[in-house]
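>>> fold the following and give me the result.
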Amino acid sequence: MDKLEILEDLAAVFRWTAKLNMHEAIANHFSVCVPGSNEDFYVNGTGMHFSNIKASDLFLVEKSKMDELKNKPELVDPTALYIHGAIHKKVPHARCILHVHSKYATALSALDDPTLPPIDQNSMRFFNRVGVYRDFGGMGFEEESEKMATKIGNKKVLLMSNHGVLTAGQTVAEAFDELYYFERACETYLTALSTNKKLKIVSDEVAEKTAQEWEDYSTDSKDLHLKAIRSILDQEDPSYKN
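Below you'll find the predicted structure:
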């Protein structure tokens with residue numbers, strides 16, 4: 001996939017995340033590595049609203065200019081440089097990183113026990129597949145970011161206690177599919193909790209079996225998911241590609 005296609009994918013995901021109300025206006029950040037690099041990446045710059053971002057708006061962060069950019073918050077938010085820079089560098093599969101404070105994942109992160117139990121197919125997808133960073137220590141500057149990068153390990157989802165969620169993938173499509181379904185799983189769980197009824201939690205064996213089935217089944221569906229999103233945007237407002 002060439003650079004332009006990757007940037008268009010990321011711009012589409014910004015737009016769709018806004019449509020789903022999983023964004024926080026001009027806060028939060030999505031990034032994707034430059035092809036052939038794990039330290040140079042594109043990210044949304046300071047003050048860009050998710051609903052308006054275009055492929056050409058994405059800001060190139062180069063390793064050689066990282067220190068300089070950290071002193072220019074008017075260009076890129078420092079938390080984006082630290083969090084995304086550290087994870088791109090240390091986590092090989094994190095070619096794309098999506099970080100939001102979405103409603104349900106953030107609510108889960110605020111619980112004393114932020115475990116997502118296997119109560120439906122979506123939550124089973126993430127059985128034993130979520131890293132949890134429990135030690136909130138501030139906004140996400142250098143020390144905090146290094147700890148996050150260590151905690152995600154080989155997982156695709158990092159739930160950050162008292163903060164939000166971050167997903168990582170080899171592609172934009174993979175990272176977004178993880179984000180979308182994790183938020184849906186959190187919504188189902190918290191809705192079920194609100195009934196004050198006993199949860200029907202499946203066995204570890206069934207949960208693991210289902211999670212593995214998700215992994216085997218969803219490889220192509222992740223690409224198809226993003227393709228479908230782009231098809232809708234192409235009809236409604238193709239300006240994301242500009």
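>>> where along this protein do the helices fall?
Using DSSP state H, the helices found in the chain span residues 3-19, 66-69, 78-90, 103-109, 121-125, 142-152, 172-194, 204-217, 219-236.
>>> columns mean pLDDT on top of the ones you listed, output as TSV?
Shown next, in TSV, are the helices of the chain (pLDDT from 0 to 100):
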stretch	mean pLDDT
helix 3-19	98
helix 66-69	92
helix 78-90	94
helix 103-109	98
helix 121-125	98
helix 142-152	89
helix 172-194	98
helix 204-217	95
helix 219-236	95
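>>> between those, which one is closest to Ile97.
helix 78-90 (5.2 Å; C-beta to C-beta). The C-beta positions use only the backbone N, C-alpha and C, and glycine is treated the same way.
>>> between the helices of the chain, which gets nearest to Val34?
For Val34, the closest of the helices of the chain is helix 3-19, at 7.0 Å, according to C-beta to C-beta.
>>> include mean neighbour count and distance to Met160 when you put the helices of the chain into a markdown table, please.
Listed next are these as a markdown table, based on neighbours: other C-beta atoms under 10 Å; distance: least, C-beta to C-beta, whole Å:
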| stretch | mean neighbour count | distance to Met160 |
| --- | --- | --- |
| helix 3-19 | 21 | 17 |
| helix 66-69 | 13 | 22 |
| helix 78-90 | 23 | 10 |
| helix 103-109 | 21 | 6 |
| helix 121-125 | 22 | 19 |
| helix 142-152 | 18 | 7 |
| helix 172-194 | 21 | 13 |
| helix 204-217 | 14 | 21 |
| helix 219-236 | 14 | 23 |
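>>> so which of the ones you listed comes closest to Pro35?
Nearest of the helices of the chain (C-beta to C-beta): helix 3-19, 5.9 Å.
>>> and the contacts of that closest one?
Residues outside helix 3-19 that contact it (C-beta atoms under 8 Å, 6 or more residues apart in numbering) are 23, 30-32, 34-35, 42, 44, 49-51, 53-58, 96, 98, 100, 171-173, 176, 179, 226, 229-230, 233, 237, 240-241.
>>> out of the helices of the chain, flag the one nearest Val165.
Across the helices of the chain, Val165 has its closest neighbour in helix 103-109 (3.9 Å, C-beta to C-beta).
>>> list of residues touching the closest one?
Under C-beta under 8 Å, 6+ apart, the answer for helix 103-109 is 21-22, 114, 116, 159-165, 182-183, 186-187, 189-190.
>>> then stretch 175-192?
By C-beta under 8 Å, 6+ apart, the residues outside stretch 175-192 that reach it are 13, 16-17, 20, 22, 96-98, 100, 102-105, 107-108, 116-117, 119-120, 122-123, 125-126, 130, 156-157, 165, 167-169, 199, 218, 221-222, 225-226.
>>> before we move on, what about stretch 40-52?
With C-beta under 8 Å, 6+ apart as the criterion, stretch 40-52 contacts 6-7, 10, 14-15, 17-19, 23, 25-26, 28-34, 53, 57-63, 73-77, 80, 84-85, 88.
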